[in-house]
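*Asks:* generate coordinates for the sequence data below:
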Amino acid sequence: MNAPTSVPANTQATALGYPRIGPNRELKRALEAHWSGRLDAAGLEAAAASVRSGMLDDLAVLDTVPTGTFSLYDHVLDTIVAVDALAPRHRREGELASYFAAARGDEEAVPLEMTKWFDTNYHYLVPEIGPETVFAAKPGKAVAEFLEAKARGLDARPVLLGPVSLLLLAKPSEDAPADFAPFDRLDDLVEVYVELLAALRDAGAELVQIDEPALCADRSEVELAAVAATYRQLVARSAIVVAGGYGPFGEALPVLLEAGVEGVALDLVRGRSDLEALEALNVSRETLLLAGVVDGRNIWRTDLAQAGADISRLQRISDRVAVSSSSSLLHVPVDLDAEHELPDALIERLAFARQKLREITALADPEGSRAARPDAPDAWRDEAVRSRLAELGADADRRIPYAERQAAQAERVPLPLLPTTTIGSFPQTAELRNARAAHRRGLMIDADYKARMKAEVAIVIAEQEKLGLDVLVHGEPERNDMVQYFAEQLTGFATTAAGWVQSYGSRCVRPPVLYGDVARTAPMTVEWTSYAQSLTEKPVKGMLTGPVTILAWSFVRDDQPLAETADQVALALRDEVADLEAAGTAIIQVDEPALRELLPVRAASRAAYRDWATRSFRIATAGVRPETSIHTHLCYSEFGEVIDAIAALDADVTSIEASRSKMEVLADLDRANYRSAVGPGVWDIHSPRVPAADDMAEALRLAVAALGPERVWANPDCGLKTRRYEEVRPSLEGLVAAARTVREQLA
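*Replies:* Predicted coordinates for the structure are as follows:
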């Protein structure tokens, strides 16, 4: 154990942000009640105010409290509103109606595109900025939430998403010329930020946190020069601390300091190189340094000894050091004390948001504990798994060439041009959720539960037969979540009771805890897939979640490289794929929607990631015969950045989100010389809007023109579990009709 590290008595405690959905998903329920018409705007605001009050209750243990991090849907959308940059198609008579039109779409307009927030499972709404976008300051939300905290006697620090990141995360509006980039509008946007800062200063804010996570990625010299000019202008109006939160600032760090910012918030969990860089710079002793030593993105307890040592190093650089989270705590659940069924040995190693606040305050306390974190128990290791991986042959991740497989698969399962299918899940009705809850609480015996799920499978198969789909799915009624379902059946995982984390809007997930070595003890999906296949002559896909996505959507052990853990999961899935094939399943889909998500923010680390991520997928899938078709699915990411990795998966068919991005992925596929089959999604299932068959047909025509008719499948963007049958039936009818129309035109 490391020796105790002394901390000066004036060290402050703070955090960069906090979970905003409520400890029991109170905001989720209020939002969905409002969208369904059961709760009016006043009721929604009352629920939101209650959640914000609870956030402040928790944050009150800190010396300085971040405000403005609450959101009804998405903080990027909040920033779009704060600079009055909503697209014209989303502007409605009421502010709330405009906000949700941009977030979810309505009968008049499609919503903003949605994609992953850096290397996390949070989804943000992509701003649309053009040369004609007129910016204007609307500081109401930021000022009101700051004053809420001040009224409670808290030392509050407003938080804004910065102008540099807002524009770097944006895409050009539809009417923008080809040579336009949203970043071209930085000077205009900075003028609006000057007004926002003035409004906060007039409200009494002495320090403002501006989040610039885009500065954690590689930036060009031109961009860095613009950053310098931007912050020289902003610091003349307000004291600013700039936060990154998703790795090191790197080359942006000296730029920010030279621009005269009051301070920087450092991610010392994923960006420790900034610590060494600071030691080499001539930093003023008055520079405020927020030491992000408590992990805002994972739930393992902090090694307080190591954190204390890092804080001490910063205190040798500056007289103004505060202890903080490495990023917003948005990415972790609220309270570990709500968990009563996790093993004691695991509980002792975990910290959720409230526990992380305690770690922060303990580190800021000169009398606080500085204990090193104990090693993981030996019982969490499985030597049989490790030996099996070590003995895996060098060709275990290889299949014969795609063209040869394609011929064998076409002979086994003849399909029409533009075969129609769905991604996997069908609507999870209230009756299904109630049955799962009753079974989990012991109120429904196993036999009755299985009979209820099989009845639902039969309904889903009949629905698809009636709709005329070509390749069917069993609908996944038995699955509460595409990762948790497998985590509950694999060793090395634990699942939480209330470990909810916001994914987007009202959508929350409970990431499993991957704490030990992973193995499969029995088949997990074969019975459900085989039963569904017994009900139809059409092919039914086996449905699995891939190793990278299981890692990305879990809280993963941090005591070994991710690549090793991914291979363990892949080996377990390889056994499941083999059993599905042995049971006669001709098409097996292994979803990897998180492939882009774990891509490192910095380019220098990406090649190594692509190598292990794609190899783990191939380990899971390459053991099948040539005539067995392997599908995969990806959604809501910037696919151009991983197009070579998508190719390296070596899947026979890749279904991919494309509707919100208006088929932009087709150009990426063409540039990458991608040659396998593709199902570019033609229906955005994250919006309640039912797409027109003509719109889907036009999307298919674009895909056929780019890829050729033999390589195109017709499918939605994602699974249908969050939608209602009232939306699903007409949408799938339109999809089948669109495919039929384009087939006839091709004939």
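
*Asks:* drop to CA atoms for contacts and neighbour counts, all remaining ones
*Replies:* OK.

*Asks:* which residues of this protein score low on pLDDT?
*Replies:* Scanning the chain for pLDDT under 70 picks out 1-10, 369, 636-638, 660-662.

*Asks:* look up how far residue 108 lies from the most centrally placed residue in it.
*Replies:* Centroid-nearest residue in the chain, with CA atoms, centre = their mean: residue 121, separated by 1.5 Å. The gap separating residue 121 from residue 108 is 29 Å, by CA to CA, to the nearest Å.

*Asks:* quick check: domain ranges of this protein?
*Replies:* Following automatic domain parsing, the chain resolves into domains at 12-18+64-85+111-375, 407-746.

*Asks:* what distance separates the start and the end of the first one?
*Replies:* By that I understand domain 12-18+64-85+111-375. Start-to-end span of domain 12-18+64-85+111-375 (CA to CA) is 29 Å.

*Asks:* over to stretch 550-563?
*Replies:* End to end - CA to CA - stretch 550-563 spans 13 Å.

*Asks:* list the buried residues for that stretch?
*Replies:* Neighbour counts over stretch 550-563 (16 or more other CA atoms under 10 Å) mark 550, 551, 552, 553, 554, 555, 556, 557, 562, 563 as buried.

*Asks:* which outside residues touch the helix or strand that contains the last one?
*Replies:* Secondary structure from DSSP states H and E places residue 563 in helix 562-582. Here helix 562-582 makes contact (CA atoms under 8 Å, 6 or more residues apart in numbering) with 385-386, 389, 490, 517-520, 523-526, 542, 544, 546-548, 551, 588, 612-613, 616-617, 619-621, 623-624, 628.

*Asks:* buried residues in it?
*Replies:* Neighbour-count burial for helix 562-582 [16+ other CA under 10 Å]: 562-563, 565-581.

*Asks:* strands paired with the next helix or strand after that helix, and their directions?
*Replies:* Remark: after helix 562-582, the chain's next helix or strand is strand 587-591, criterion DSSP H and E. Note on strand 587-591: by DSSP bridges, its sheet partners are strand 542-545 (parallel), strand 629-634 (parallel).

*Asks:* next one: strand 587-591 to chain centre, how far?
*Replies:* Computed by CA atoms, centre = their mean, to the nearest Å, the separation of strand 587-591 from the middle of its chain amounts to 21 Å.

*Asks:* give me the contacts around it.
*Replies:* Strand 587-591 is touched from outside by 539-546, 549, 577, 580, 621, 628-634, with contacts defined as CA under 8 Å, 6+ apart.

*Asks:* who's in contact with stretch 89-107?
*Replies:* Taking CA under 8 Å, 6+ apart as the rule, stretch 89-107 contacts 41, 73, 77, 81, 86-87, 108-112, 125, 686-689.

*Asks:* mind doing that once more with 7 Å?
*Replies:* Applying CA atoms under 7 Å, 6 or more residues apart in numbering, the contact partners of stretch 89-107 are 109, 111, 112, 687, 689.

*Asks:* out of those, who has the most neighbours?
*Replies:* Counting neighbours by other CA atoms under 10 Å, residue 111 comes out on top of the contacts of stretch 89-107 with 24 neighbours.

*Asks:* what sits against that one?
*Replies:* 101, 102, 103, 104, 105.

*Asks:* measure it to residue 456 for me?
*Replies:* Here residue 111 is placed at a distance of 32 Å from residue 456 (CA to CA).

*Asks:* residue 217 too?
*Replies:* Taken as CA to CA, the span from residue 217 to residue 456 is 46 Å.

*Asks:* is it true that residue 677 touches residue 650?
*Replies:* No. Here residue 677 lies out of contact with residue 650, judged by CA atoms under 7 Å, at a distance of 10.5 Å.

*Asks:* out of those two, which sits in the more crowded spot?
*Replies:* Neighbour totals were compared for residue 677 and residue 650, and residue 650 leads with 26 against 21 (other CA under 10 Å).
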